[in-house]
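Peer 1: What follows is a predicted protein model with its sequence.
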Amino acid sequence: MGAYVIRRILQIIPVVIGTTFLIYLMVWGLQSDPFVGRCGERACPEAYVQMMRAKYNLDDPLLISYAKYFLNLITGDFGTTFSGIDVTDQIKNRFPTTFRLTIIAIVFEALIGIAAGVWAGLRRGKFIDSLVLVSTLVVISIPVFVIGRVLQLYLGMQWQLFPATASPEGKWSELILPGFVLGSASIAYVARLVRNSIAENMRADYVRAATAKGLTQTRVVGVHVLRNSMLPVVTFLGTDFGALLGGAIVTEGIFNVSGLGGMVFGALNGREGQTVTSVVALFVLVYLLVNLAVDILYAWLDPRIRYE
């Protein structure tokens, strides 16, 4: 296992380099003037442009300027915005909020999605199964901003069961409703995934053998069927973690959450290339590390999997 982890970490390095280079290329290399619009409708003064190009090493060849950026990146220096604000400080202030929001969404996915999927899978073809399939299809069909606005209106404003908006600190209690909205579509996908996996495993030979040995249905389902059915779910949750981390822009906007999603959206509108490249590079690194953790978890869920 140790050798496998080391090998995977070594594989992450070229992936990080490749993805960050592509991001850097799209933000800085493909634009003829990355500072257009910074001075309103008028063109920026030549002295200002030259100063900014020197600040971000844009006068160097692309590979040289990227190498300088990447060396700063691996030392924890994410640079500064055009206004001189430290991007590292911005990330430190906003990342915990986005991380808490993502964790809440994943918890909702795991608890509600798995419970609904098991319930439907064990009663395949019955009313409960049809109810879960129809309800999840409805949730998948509704855009997340519609779900967010409706739940904010009724649960947050009219019934006041949850805070309608989040404070700048992003407390756990304030992120429950946004976290549910963020993970709503994924809850439906997890439920359908578990339902199909449970229904398939219930017809497997090992289930009939366990039942013939006199094991109760609770033990057969809880120990054998559920464990084997979790493999595709773990894969989905692992990949979805990275998607939720970087895809919370709409949810953060609805509930006024001060997270990285809103930070990236504001940076794109303000053409803050340094902020965009730094935050997206952070998303890439977190996504790769989570997938490594998922691969390691496979060995615990399925003893047949061996990493050498």
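Peer 2: Thanks, I have the structure now. Numbers count the residues shown, from 1 in each chain.
Peer 1: just checking, R94 touches V264?
Peer 2: No: under the criterion of Cβ atoms under 8 Å, R94 makes no contact with V264, lying 9.8 Å away. Quick note: C-beta positions are derived from backbone N, CA and C, even for glycine.
Peer 1: what's the neighbour count on F95?
Peer 2: Neighbour count of F95, defined by other Cβ atoms under 10 Å: 17.
Peer 1: List the residues that contact it.
Peer 2: 259-260, 282 (Cβ atoms under 8 Å, 6 or more residues apart in numbering).
Peer 1: if I look at it, how far off is S278?
Peer 2: Here F95 is placed at a distance of 11 Å from S278 (Cβ to Cβ, to the nearest Å).
Peer 1: ditto for L297
Peer 2: From L297 to S278 the distance is 29 Å (Cβ to Cβ).
Peer 1: Then F241?
Peer 2: Relative to S278, and taking Cβ to Cβ, F241 is found at 20 Å.
Peer 1: what about those two, which has more around it?
Peer 2: Taking neighbours as other Cβ under 10 Å, F241 and S278 compare with S278 leading, 26 against 23.
Peer 1: can I assume that one is in contact with G79?
Peer 2: Yes: contact criterion Cβ under 8 Å: S278 and G79 qualify, at 6.4 Å.
Peer 1: Which neighbours do the two have in common?
Peer 2: With Cβ under 8 Å, 6+ apart as the test, S278 and G79 both reach V87.
Peer 1: And the pLDDT at L301?
Peer 2: Looking at L301, its pLDDT is 68.
Peer 1: Out of the contacts of F95, name the ones that lie in helices.
Peer 2: The helices, defined by DSSP state H, take in 260, 282 from the contacts of F95.
Peer 1: Include neighbour count and distance to S130 when you put the contacts of F95 into TSV, please.
Peer 2: Listed next are the contacts of F95 as TSV, based on neighbours: other Cβ atoms under 10 Å; distance: Cβ to Cβ, whole Å:
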residue	neighbour count	distance to S130
G259	28	37
L260	30	39
L282	18	43
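Peer 1: Closest to G2 out of the contacts of F95?
Peer 2: The closest of the contacts of F95 to G2 turns out to be L282 (Cβ to Cβ; 26.7 Å).
Peer 1: and the nearest residue to that closest one once chain neighbours are set aside, what does it touch?
Peer 2: Excluding the flanking residues, the one nearest L282 by Cβ to Cβ, 6 or more residues apart in numbering is I91, at 6.6 Å. Counting by Cβ under 8 Å, 6+ apart, I91 touches 78, 260, 263, 278-279, 282.
Peer 1: try 10 Å this time
Peer 2: For I91, the contact set (Cβ atoms under 10 Å, 6 or more residues apart in numbering) comprises 76, 78, 98, 260, 263, 275, 278-279, 282.
Peer 1: Quick check: the farthest pair among the residues you listed?
Peer 2: Greatest spatial distance among these (Cβ to Cβ): G76 and T98, at 18.3 Å.
Peer 1: out of the two, which sits in the busier spot?
Peer 2: Counting neighbours by other Cβ under 10 Å for G76 and for T98 shows that T98 has the greater number, 26 against 8.
Peer 1: For that one, give me its contacts.
Peer 2: Here T98 is in contact with 91, 170, 175, 244-246, 248, 252, 257-263, 279, 283 (Cβ under 10 Å, 6+ apart).
Peer 1: got it, and V279?
Peer 2: 23, 78, 87, 90-91, 94-95, 98, 246, 260-261, 263-264, 267, 272.
Peer 1: let's see 6 Å
Peer 2: 260, 264 (Cβ atoms under 6 Å, 6 or more residues apart in numbering).
Peer 1: What score does it have for pLDDT?
Peer 2: At V279, the pLDDT value in this model is 89.
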